[in-house]
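>>> Build the 3D model from these lines:
(2 chains)
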Amino acid sequence: MNLSPAQTIGLTNLFLVIYLVIDSFEKISVYKEYATGGLLNWNLLRKNSFFTSKPESFRNLTDVIFPARSWFFLIALRIFCCFGLFVSPPGSVLLVCSYTGLFIIGSLMNLRNIAYGAETENRFALIIIGALLLRSLVPTDTVTLATFWFIGLQACLSYITAGASKLMNANWRNGNGFKRVATSYELIPVKKVNIFFEENRTVARLLNWLVIFFECAFPVALFIGRGLFWWFLVGGIILHATIAIGLRLGKFFWIWIATYPALIFITQR
Amino acid sequence: MSLWESVIVLVLAMWLTANVFYSLMNKKIARYTYRADLFKWLSAFQLFSERAQSFQLSYRDMLADQSVTQWELVQLGQQWRSYHAVWFPGRTLGDCVKSIMGDLVHFIRKDQSGFGKKKIKERFIYHALIHFLDRYPRNNTDLGRQFRIQDKENNEIFISDFYKE
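The predicted structure follows:
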């Protein structure tokens, strides 16, 4: 399968928008947490020393943007920007505005949530949105190719970082890392799964090393030819789908899969 | 390559390079990037590499007659449902509380080793946890609430004073 630059961007946008829409509606559905008494209420978050140590002008600005009412206006605007990605023609001002809106709102989201840690999916989404925003400013062939390489290499970096840090962890190195995750009821609250991996340690050990191998070897997929490359992509989809179902991290699936069209494009050249 | 093309390519190259450095040394430079990288544009994805630490949070109240109620365990997990693979808004709250507890335990252990600069009670996360526990019903006349954090083996890691905020 070969993808044109337009198809590559279209598919990346599609997966990106699925993630953004799910994430935005999830936030809207827990609006009570953003209102008085909630853990994400701005009156509480603004007491974090990160904000209190900032100059008054900065705090005044955050006091305008981050309270629940204005925050949900931005969340609604985020959904509107997603819609903008689909309806705006390539090279249009609306497209640039949509990417800019998504990038700014995503960045503010990380800032607002700094006390509890920025959401991993949102951090990765910002990398993709930022690259596509830059590409939309100068949509030439050179910049398009550089953007796809950037997204593809960021995906490779994310996999190799995850794989290498597992190799540096004694539990994963001695084959027990996967078992610790799979048998943890807190992470996977399905007793049958927990018991299965508790009883089948060989399977758990095999999967432990398979995950490490996949993550560490992923960058090689860019250079080994198309046949093996497709196996890596299928492996990635299975890995992320398993994480989505087992660990209930569904948003990871969409945002990491959003990098695959760029990977397909750069490997077909 | 035109000037604007060069600028965009340069920005992308710098962003990627910064991310590579951040991935290599994020722990060493975390105290600087925490404040400098306001919007978290740099990331190091170490999914499930660290040992998953799980803690239990429970609370009890001191009633007007100075008797103390039983410890109530806070249930953070939600039953697994197949649609959670696509739609799981409940994860947000659980993740926040787990993050608070993880950070609190980190600082408690640091304080015990004498390296803590700030008292636990002065920390934002301590107050955030108190704020979180306020959602659980309590008697208007009680004298205060207390919470504790235990590890998986039920060893007590932290127990707060009775507080009334």
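>>> got the contact list for the closest residue to A:Lys251 other than its chain neighbours?
Computed as CB to CB, 6 or more residues apart in numbering or on different chains, the closest residue to A:Lys251 that is not its neighbour in sequence is A:Glu121, at 4.5 Å. Where you see a C-beta, it was placed from the backbone N, CA and C, and this is true even at glycine. Going by CB atoms under 8 Å, 6 or more residues apart in numbering or on different chains, A:Glu121 touches A:Tyr19, A:Asp23, A:Leu249, A:Lys251, A:Phe252, A:Ile255.
>>> now with 6 Å?
A:Glu121 makes contact with A:Lys251, A:Phe252, A:Ile255, according to CB atoms under 6 Å, 6 or more residues apart in numbering or on different chains.
>>> Close to chain A: what parts of chain B are there?
By CB under 6 Å from any CB of the partner chain, the residues of chain B that approach chain A are B:1, B:4-5, B:8-9, B:12, B:16, B:23, B:38-40, B:43-49, B:51-52, B:54, B:77, B:80, B:84-86, B:88-89, B:92, B:96, B:99, B:124, B:131-132.
>>> From these, list just the buried residues.
Taking 16 or more other CB atoms under 10 Å in any protein chain shown as the criterion, what is buried in the residues of chain B next to chain A is B:8-9, B:12, B:16, B:23, B:38-40, B:43-49, B:54, B:80, B:84-85, B:88-89, B:92, B:96, B:99, B:124, B:131-132.
>>> Can you tell me how far the closest residue to A:Gln268 other than its chain neighbours is from A:Leu11?
Nearest residue to A:Gln268, sequence neighbours excluded (CB to CB, 6+ apart): A:Asn2, at 5.1 Å. Going from A:Asn2 to A:Leu11 by CB to CB, to the nearest Å gives 13 Å.
>>> Would you mind telling me which of these two has more residues around it?
A:Leu11 (18 against 9; other CB atoms under 10 Å in any protein chain shown).
>>> Torsion angles phi and psi at A:Asn200?
phi -110, psi 70 (degrees, to the nearest 10).
>>> Burial check on it, number of neighbours?
Per other CB under 10 Å, the neighbour tally for A:Asn200 reads 14.
>>> so what's it scoring on pLDDT?
A:Asn200 carries a pLDDT score of 96 in this model.
>>> ok, now the one 10 residues further on?
Looking at A:Leu210, its pLDDT is 97.
>>> same check, this time on B:Glu50
Predicted confidence (pLDDT) for B:Glu50: 68.
>>> try the one 4 residues further on
The confidence metric pLDDT takes the value 81 at B:Ser54.
>>> Checking B:Gln150 next. Helix, strand or coil?
Using DSSP: H, G, I helix; E, B strand; the rest coil, the structure places B:Gln150 in strand.
>>> isn't it right up against B:Ser58?
No - the criterion here is CB atoms under 6 Å, and B:Gln150 misses it with B:Ser58 at 7.3 Å.
>>> pretty sure B:Arg135 belongs to a helix, no?
No - applying three-state DSSP, one finds B:Arg135 to be coil, outside a helix.
>>> Spatially, what comes nearest to it if we skip its sequence neighbours?
Per CB to CB, 6+ apart, closest to B:Arg135 is A:Gly37, 6.7 Å.
>>> measure that neighbour to A:Asn43 for me?
A:Gly37 is 10 Å from A:Asn43, where distance means CB to CB.
>>> cool, A:Leu133 as well?
32 Å.
>>> of those two, who's got more company?
Per other CB under 10 Å, whichever of A:Leu133 and A:Asn43 has more neighbours is A:Leu133, with 20 against 15.
>>> Does the more buried one touch A:Cys97 like I think?
No - the pair A:Leu133 / A:Cys97 is not scored as a contact, 10.0 Å apart, by CB under 6 Å.
>>> what's near enough to touch A:Gly175?
A:Gly175 touches A:Arg205, A:Asn208, counting by CB under 6 Å, 6+ apart.
>>> Can you report phi and psi for it?
phi 90, psi 10.
>>> low pLDDT regions in the chain?
If you meant another chain, say so; for now it's chain A. Chain A contains no residues with pLDDT under 70.
>>> Hmm, no, I was thinking of chain B.
Along chain B, the parts satisfying pLDDT under 70 run over B:47-52, B:112-117, B:165.
>>> how does it divide up, domain by domain?
B:1-50, B:55-159 (automatic domain parsing).
>>> Count the residues that sit near B:Lys118.
When neighbours are counted by other CB under 10 Å, B:Lys118 registers 13.
>>> typo on my end, it should be A:Thr161
Per other CB under 10 Å, the neighbour tally for A:Thr161 reads 24.
>>> Quickly find the element holding it.
Element membership of A:Thr161, judged by DSSP states H and E, is helix A:141-167.
>>> That helix and chain B, are they touching?
Yes - using CB under 6 Å from any CB, helix A:141-167 comes into contact with chain B via A:Thr142, A:Val143, A:Ala146, A:Phe150, A:Leu153, A:Ser158, A:Thr161, A:Ala162, A:Ser165, A:Lys166.
>>> Who wins on neighbours among those?
A:Phe150 (28 neighbours).
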